[in-house]
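Student: I'll drop the sequence and a predicted model, then ask my questions.
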Amino acid sequence: MAGVIRALGDDANVGAVINPEHVDAVFQAYEDIGIRAYVGVTLFDKPFIRAVPFVEEEVGAGTASSVQCSPYMSSRADMCRKRADDAKNRAAQAKNLSIKSAFEEVAACWRVLAE
């Protein structure tokens, strides 16, 4: 079957803030078309505001710190925990082992994002 795509990798960059609906849509799209995909959601090792070059010079250190510590961040962590629980539940319901494994990996990623 030369020329047939059987699997692919997708480094999904869904934006500065990970929207669970966008991530779910990526997974759903691959499931809908019936192709195996290794999907990695872009993760940051520090708050997004700290990854923007010269942000403190442009907006001031106080503004940058207030954005980093905003109440939105804690509600985002709660949302990520909920998504992790949802993915864990979907893994428990999955009959196909590769789908089960994918949901387990998604759950682990959501837990990392919650921290």
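Tutor: Happy to help now that I have it. Everything numeric here is computed off the predicted structure, so don't read it as measured data.
Student: what separates Arg6 from Ile35, distance-wise?
Tutor: 7 Å (C-beta to C-beta, to the nearest Å). For every residue, glycine as well, the C-beta is placed using N, CA and C.
Student: so for the two, which sits in the more crowded spot?
Tutor: Set Arg6 next to Ile35 and count neighbours by other C-beta atoms under 10 Å: Ile35 wins out with 12 against 7.
Student: so who does the residue lying closest to Ile5 once chain neighbours are set aside touch?
Tutor: Nearest residue to Ile5 in three dimensions, chain neighbours excluded: Ile35, at 6.7 Å (C-beta to C-beta, 6 or more residues apart in numbering). For Ile35, the contacting residues are 5-8, by C-beta atoms under 8 Å, 6 or more residues apart in numbering.
Student: quick check: bridge partners of the residue positioned nearest the centre of the chain?
Tutor: The residue lying closest to the centre of the chain (C-alpha atoms, centre = their mean) is Val41, at 4.6 Å. Counting by DSSP bridges, Val41 forms beta bridges with Ala12.
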